[in-house]
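> Quick one: sequence and predicted model below, then my questions.
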Amino acid sequence: MYKIGEFSKITSLTVKTLRYYDEQNILKPSYRNEENDYRFYSEEDFKKAELIMLLRKFEFSISEIKDLLINYENTSDLSYFLEEKKKMIEKRIEEEKNLLKKIDLYIKPENREVFMNYTIKTKDIEPILVASIRYKGKYKDVGKYIGKLYKIVKGNANGAPFNCYYDSEYKEEADIELCLPTSKVVSNNDINSRQLPKIKALFTTHIGDYENLNMAYKALLDYAKENKLKCLTPSREIYVKGPGMIFKGNPNKYITEIIIPIEEEE
């Protein structure tokens with residue numbers, strides 16, 4: 001058995017770290033003297049400490065180590081966990097690469113100005129027949145459903161796809177209806193086929209990346225406030241020109257029409 005100081009030397013872990021690992025139930029001493037609370041570590045504890053040091057070297061977090069140790073039985077398990085960690089790192093690298101691309105774009109002076117001069121119009125939006133899928137999820141989840149919708153509608157598509165947003169504020173899990181205008185009613189159990197009603201709405205066009213769409217919404221809401229108009233739901237985002245099913249195209253040339261239903265404030 002090793003005293004905590006001795007164990008610290010042979011593991012290269014400070015006494016403070018060993019006490020912390022004890023508190024976190026990561027590495028508890030095999031024996032503890034109840035009278036003086038002295039900790040004593042065994043050979044098995046040393047093997048466990050070596051495993052923990054290896055995991056820390058590979059930048060496993062404390063919570064990840066805890067989770068791993070619960071399910072760890074032998075070295076063959078370690079390979080599985082390292083593969084999982086590798087996938088997480090690869091995903092993080094990809095995210096960091098995308099972030100670098102955004103930074104590089106912003107460094108260019110011509111890309112720093114994200115504000116547009118939005119032309120706001122009041123329009124009567126006529127009724128429109130659509131096939132739709134309504135779901136709750138993230139805004140980017142639309143990609144999961146758009147292919148399915150086009151596959152069901154086939155040659156009956158009659159216009160650009162759009163989303164209806166039923167929440168009055170931004171939400172991580174939003175209430176969204178993906179709509180595709182159709183030339184006739186499409187009967188299928190996996191979709192809805194209905195006519196959206198005529199509405200009076202504020203309308204504007206956003207040209208460019210979706211990341212800056214918030215500026216279009218700001219322009220619409222500012223206009224509504226100035227003209228004593230009440231904004232209703234659902235709002236619509238019509239993707240006149242956007243990424244294709246395979247190729248994303250140039251985001252700076254995306255065209256998105258935004259429609260917000262309105263009524264006069266009382």
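Nice, I can see it.
> Which residue ranges of the chain form strands?
With strands called from DSSP state E, the chain shows them at 2-3, 31-32, 39-41, 121-125, 128-137, 162-165, 174-181, 192-196, 199-207, 229-231, 235-241, 255-264.
> Need the contact partners of the first one.
What it means is strand 2-3. Here strand 2-3 makes contact (CB atoms under 8 Å, 6 or more residues apart in numbering) with Ile10, Tyr38, Arg39, Phe40, Tyr41, Ser42, Asp45, Phe46. Using the backbone N, CA and C atoms, a C-beta is placed for each residue, glycine as well.
> Okay, now the sheet partners of it, with direction.
strand 39-41 (antiparallel) (DSSP bridges).
> With the fourth one instead?
Strand partners for strand 121-125, identified by DSSP bridges, are recorded as strand 199-207 (antiparallel).
> what's across from Pro261 in the sheet?
Applying DSSP bridges, one finds that Pro261 bridges with Ala201.
> Give me the phi and psi for the residue nearest to the spatial centre of the chain.
Nearest to the mean C-alpha position of the chain, by CA atoms, centre = their mean, lies Lys138 at 6.6 Å. Note on Lys138: backbone dihedrals following degrees, to the nearest 10 are phi -80, psi 160.
> From Leu54, how far out is Phe81?
Distance from Phe81 to Leu54, counting by CB to CB, to the nearest Å: 11 Å.
> Then Tyr145?
43 Å.
> next one: Ile93
21 Å.
> looking at the strands of the chain, which is closest to Asn71?
When the strands of the chain are ranked by distance to Asn71, counting by CB to CB, first place goes to strand 39-41 at 22.8 Å.
> Please work out which residues outside that closest one touch it.
1-4, 7, 18, 22, 29-33, 49.
> out of those, which are buried?
Using 16 or more other CB atoms under 10 Å as the burial test, these include Tyr2, Ile4, Phe7, Leu18, Pro29, Ala49 as buried.
> burial count for the nearest residue to Ile65 once chain neighbours are set aside?
Closest residue to Ile65 apart from its sequence neighbours, by CB to CB, 6 or more residues apart in numbering: Leu55 at 5.3 Å. By the criterion of other CB atoms under 10 Å, Leu55 has 22 neighbours.
> What segments of this structure are helices?
4-11, 15-23, 43-57, 62-71, 75-107, 142-153, 213-226 (DSSP state H).
> Which one of these lies nearest to Asn250?
Of all these, helix 75-107 comes closest under CB to CB, at 11.9 Å.
> what packs against the closest one?
Helix 75-107 sits against helix 62-71, with contacts defined as 3 or more CB pairs under 8 Å, 6 or more residues apart in numbering; DSSP states H and E.
> In the helix it packs on, which residues are buried?
Glu64, Ile65, Leu68.
> these two touch, right, the last one and Leu82?
It stands for Leu68. No: with contact defined as CB atoms under 8 Å, Leu68 does not reach Leu82; the gap is 9.8 Å.
> which residues does Ala219 contact?
Met116, Tyr118, Ile120, Thr204.
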